[in-house]
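**Q** With the input below, show me the fold.
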Amino acid sequence: MTDSVIFRFPAASLSETSRLATALAGVLRPGDVIALGGTLGAGKTAFVRALVRALAGQEIDVPSPTFNLLLTYDFPDYCLYHYDLYRLESPEEALELDIDEAFDYGVSLIEWPDRLGRYLPAGHLRIDITVMEDSGSRLFELTGDESWRSRFMTLEEILGA
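**A** Residues are numbered from 1 along each chain as shown. This is a model prediction of the structure:
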């Protein structure tokens, strides 16, 4: 079975982006992999920042991992791994970051996931962020398999979508 678009969410502001991230934070579990797509400046890191803050329950510092490639955040149920793979030259470089272990035990948020090539696991949730040129708002399009679809029934109720 192929993945399909399971949810579209227009966000006209950062607070609406945070609302989506907070709702998603409530359905995450160990082993989840979220692939974040979008152009430079689309809002991938802003989305991750909102999600991490929702999990932490406070306004913590959440920098971009552009130069580090990886930042981690420890939560009671799992470690969250935030990857920015923009600077990778080959998919194998991600293996040096123990990304396969993160896939098994943590929650992985991956900016520039296409740089992983064949190492991006099946069953991941893809979130593509598009900047709407006419308004500057963002459209979040979430694509996943049936396991993600079932979780989004709850998400739609939370967001009132």
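**Q** Count residues in the vicinity of the closest residue to Arg87 other than its chain neighbours, would you?
**A** Leaving aside its sequence neighbours, Arg87 sits nearest to Leu69 (Cβ to Cβ, 6 or more residues apart in numbering; 6.8 Å). Backbone N, C-alpha and C define where each C-beta goes, glycine included. Number of residues near Leu69 (other Cβ atoms under 10 Å) recorded here: 18.
**Q** just Ser18 next, same as before
**A** The burial count for Ser18: 18, using other Cβ under 10 Å.
**Q** again, but for the one 3 residues further on
**A** Residue crowding around Ala21 was assessed by other Cβ under 10 Å; the count is 22.
**Q** and the gap between it and Asp61?
**A** 16 Å (Cβ to Cβ, to the nearest Å).
**Q** List the contacts of the residue nearest to Arg87.
**A** Leu69 is in contact with 83-85, 87-88, 97, counting by Cβ atoms under 8 Å, 6 or more residues apart in numbering.
**Q** Go through the residues you listed and flag which are in helices.
**A** Counting by DSSP state H, no part of those is found in helices.
**Q** which two from those residues end up farthest apart in space?
**A** For the contacts of Leu69, the maximum inter-member distance is 11.8 Å, found between Arg87 and Leu97 (Cβ to Cβ).
**Q** These two: which has the busier surroundings?
**A** The neighbour comparison of Arg87 against Leu97 (other Cβ under 10 Å) goes to Leu97, with 16 against 11.
**Q** correct me, but the more buried one touches Tyr83?
**A** Yes: under the criterion of Cβ atoms under 8 Å, Leu97 makes contact with Tyr83 at 7.1 Å.
**Q** Okay, helices next: where are they in the chain?
**A** With DSSP H as the criterion, the chain has helices at 14-25, 44-56, 92-95, 99-105, 146-159.
**Q** Which among these is found nearest to Ser4?
**A** Across the helices of the chain, Ser4 has its closest neighbour in helix 146-159 (8.1 Å, Cβ to Cβ).
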